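> Let's see this in three dimensions:
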Amino acid sequence: MTTDSSPIVIIGGGVIGSAIAYFLTLQQPGCEVVVVERDPTYARASSALSASSIRQQFSTDINIQVSAFGIGFLRNVDQLLACHGDAPDIGLHEGGYLYLATQAGAATLRENHALQKRHGADVALLSPQQLAEHFPWLALQDVALGSLGLSGEGWFDGYLLLTALRKKAQRQGVRYVADEAVGLDLAASDGVQHVNAVRLHSGTVLPCRYVVNAGGPWAAAIAGWAGIDLPVVGKRRTVFNLASPAALPGCPLLIDTSGIWLRPEGKGFICGFAPDADNDADFAPLEPEYAAFEEHIWPTLAGRIPGFEALRMQGAWAGYYEMNTFDHNALLGLHTACDNLVFANGFSGHGLQQSPAVGRGLAEWMLTGRYHSLDLSPLSIERLARQQPLLEKNVI
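Modelled structure (predicted):
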């Protein structure tokens, strides 16, 4: 059997795994942590392929609280993750989110706004007239209401956040192993399993006090080694790089009524969309959905932003959302079937912005047995067994 002197082993060195490793060794200097990452280049990692944004405009208490900590962390990354005087710059730009709603969606937007304000979020509801004054480049014929984040929302470089977390974690003593986890050595007592070690492709066996499943889109395979059914799959999402002669002064991250999102990037823009269920296969090849631009995105955006009639696609890339098909929210903590396999999965596109609070919270739990700073229990994986989904209305 393993002992408390065994290391904590984290499977997955993306932003979630690296945030947990960082906070473990921050909260308990000298804590032995090993991160297993099969691809140190992060070529297919969701952390590197994400559009990397953060918002307060959620519809559940816990998600708003998680993002409130997240924005404070991102604002201070240069100090928190500095190494040897080298202060990382993740390019945080608090340009805000703008949600547009038709008459059918206006009541939900108002309801969400009331909850967000109760948690101190800096958001404002705008009438069509106010929207026209703020954003005269928008066509608003079908829009009944808008919700704009005035601060605490925006975008950043997710890959630089990942590399800064990893570098700082290593500086604090975390060991990263370039290898692939292939199985768990398990023992059982009174019907509950315990992980004694993590087996690697190289043949190495890593004894563990806890093992953390931070496997991103591939997390279900890790859970399966312990006989646990995890409703997490990889869903391809394409990001299109756009150029337009039209200037959009003050352009926020726009969430159109169609579900298409758009934001500034350099001298141009990037945008994306969620395919309908019939065209959203699990683990589709990471090839951009170029046809969707001509068939759906361009005509929709040109209808919303008349200046985009001359829009051109400059390129595109695709990555996986780590989609929790149960309720599109993070699945955290212990499953009843195993007493030391910790889950940090199913972020459904919110992993980068939620990584600071999740990293801090799970580190607290593993080191002390409870959450101290923010109670993350509403995101507990136990809700799967209870069949009690945590419904988030604002999923992009």
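
> Return the residues in contact with the most centrally placed residue in the chain.
Centroid-nearest residue in the chain: G351, 1.6 Å away (criterion: C-alpha atoms, centre = their mean). Contacts for G351 (C-beta atoms under 8 Å, 6 or more residues apart in numbering) come out as 14-16, 46-47, 50, 216, 322, 330. (C-beta placed from N, C-alpha, C; glycine too.)

> Of those residues - the most surrounded one?
V15 (34 neighbours; other C-beta atoms under 10 Å).

> who's in contact with that residue?
47, 158, 161-162, 165, 351-352, 355.

> Pull out the buried members of those.
Burial by neighbour count, judged by 16 or more other C-beta atoms under 10 Å, picks out 47, 158, 161-162, 165, 351-352, 355 from the contacts of V15.

> Hmm, which of the contacts of G351 is lowest in pLDDT?
Within the contacts of G351, pLDDT reaches its minimum at S47, with 79.

> residue boundaries of the strands in the stretch 151-300 of the chain?
Under the criterion DSSP state E, counting those that start in this stretch, the stretch 151-300 of the chain contains strands at 154-155, 175-178, 181-189, 192-200, 205-207, 210-213, 232-243, 253-255, 261-265, 268-272.

> which two of the contacts of V15 lie the greatest distance from each other?
L165 and G351 (12.2 Å; C-beta to C-beta).

> What is the least confident helix or strand in the chain by mean pLDDT packed up against?
Lowest on mean pLDDT, DSSP states H and E among the helices and strands of the chain sits helix 46-49, with a mean of 80. In this structure, helix 46-49 packs against helix 158-171, strand 312-324, helix 351-368, with contacts taken as 3 or more C-beta pairs under 8 Å, 6 or more residues apart in numbering; DSSP states H and E.

> Now render these as CSV, adding distance to G272.
Shown next, in CSV, are the helices and strands packed on helix 46-49 (distance: least, C-beta to C-beta, whole Å):
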stretch, distance to G272
helix 158-171, 14
strand 312-324, 9
helix 351-368, 14
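
> Now distance to N340 too, for the contacts of G351, in JSON lines please.
Below are the contacts of G351 laid out as JSON lines (distance: C-beta to C-beta, whole Å):
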{"residue": "G14", "distance to N340": "21"}
{"residue": "V15", "distance to N340": "23"}
{"residue": "I16", "distance to N340": "18"}
{"residue": "S46", "distance to N340": "25"}
{"residue": "S47", "distance to N340": "25"}
{"residue": "S50", "distance to N340": "30"}
{"residue": "G216", "distance to N340": "21"}
{"residue": "E322", "distance to N340": "22"}
{"residue": "A330", "distance to N340": "19"}
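
> Need the winner for burial among the helices and strands packed on helix 46-49.
Sort the helices and strands packed on helix 46-49 by mean neighbour count, taking mean count of other C-beta atoms under 10 Å, and helix 351-368 sits at the top with a mean of 24.

> so that one versus strand 312-324, what angle?
30 degrees (axes from the mean of the first three to the mean of the last three C-alpha atoms, to 10 degrees).

> and the helix or strand following helix 351-368, how far from the chain's centre?
Once the chain leaves helix 351-368, the next helix or strand it forms, by DSSP states H and E, is helix 382-386. Once both centres are worked out by C-alpha atoms, centre = their mean, to the nearest Å, helix 382-386 turns out to sit 21 Å from its chain's centre.
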